[in-house]
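Engineer: Below: sequence and its predicted model.
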Amino acid sequence: MPTADEIAAIASRAARIHDAVRVEAALDRMAREITAELAGSDPILLCVMNGGLIVTGLLAVRLQFPLQIDYLHMTRYRGATSGGEIECRVMPALDLRGRVVLVVDDILDEGNTLSAVLRYCREQGAARILSAVLVDKRRPRPEALAAADFSGLHVPDRYVYGYGMDYKNYLRNADGIYAVADEDM
């Protein structure tokens, strides 16, 4: 694991892609779109941990209608900068059967994790499943994983962090979205 000084140096070399004002405006827009679609449906917001924690919290306070929040923990990165096999660490406590579920995550990158979570929700008998991501990375994906139902911002095909997205388990709390310098990959 990197030291705090190494992380500070990496952050100093990163390029800001979206500042906090732009991210918050995207969250406001997403909340309006989600409200228009889901108000009155008594949905479950299903946070994909750990990346979806900040996004779920920031969206939830903008959604002024009855909902429940739960989480699951599926991960591919485990502190690395490239993904491996999906590991299921924690499953939701709420019963998804017959419910409207909005899966919330930080980023749609290759789409493997989101695909696995959506499949899990279908297997649990959710009546309707939608997905929301703060960031949609511009990159080719299989057609089935082409897009989330709700997305906030686009980023180039670079390694990004901030607003829930991490760099080696650090920098999730950055006040914007940043691209890691090539030399730090």
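Structural biologist: Right, received. Where do you want to start? Numbers count the residues shown, from 1 in each chain.
Engineer: Which other helices and strands does the helix ranked longest in the chain contact?
Structural biologist: Counting by DSSP state H, the longest helix found in the chain is helix 20-38. Counting contacts by 3 or more CB pairs under 8 Å, 6 or more residues apart in numbering; DSSP states H and E, helix 20-38 packs against helix 52-60, strand 100-108, strand 128-137, strand 150-155, strand 176-179. For glycine as for every other residue, the C-beta is placed from the backbone atoms N, C-alpha and C.
Engineer: switch to 10 Å and redo it
Structural biologist: With contacts taken as 3 or more CB pairs under 10 Å, 6 or more residues apart in numbering; DSSP states H and E, helix 20-38 sits against strand 15-19, helix 52-60, strand 100-108, strand 128-137, strand 150-155, strand 176-179.
Engineer: can you tell me the average pLDDT over the last one?
Structural biologist: For strand 176-179, mean pLDDT is 98.
Engineer: Partner strands of it, with direction?
Structural biologist: strand 15-19 (antiparallel), strand 160-161 (antiparallel) (DSSP bridges).
Engineer: what distance separates the longest one from the centre of its chain?
Structural biologist: By that I understand strand 15-19. 17 Å (CA atoms, centre = their mean, to the nearest Å).
Engineer: Measure how that strand sits relative to helix 20-38, angle-wise.
Structural biologist: 50 degrees (axes from the mean of the first three to the mean of the last three CA atoms, to 10 degrees).
Engineer: contacting residues around strand 15-19?
Structural biologist: Outside strand 15-19, the residues that touch it by CB atoms under 10 Å, 6 or more residues apart in numbering are 22-26, 134-135, 152-156, 158, 160, 162-163, 174-181.
Engineer: avg pLDDT for that strand?
Structural biologist: On average, strand 15-19 scores 98.
Engineer: residues touching the nearest residue to Arg139 once chain neighbours are set aside, list them.
Structural biologist: Nearest non-adjacent residue to Arg139, counting by CB to CB, 6 or more residues apart in numbering: Asp157, 4.4 Å away. Counting by CB under 10 Å, 6+ apart, Asp157 touches 109, 137-140, 179.
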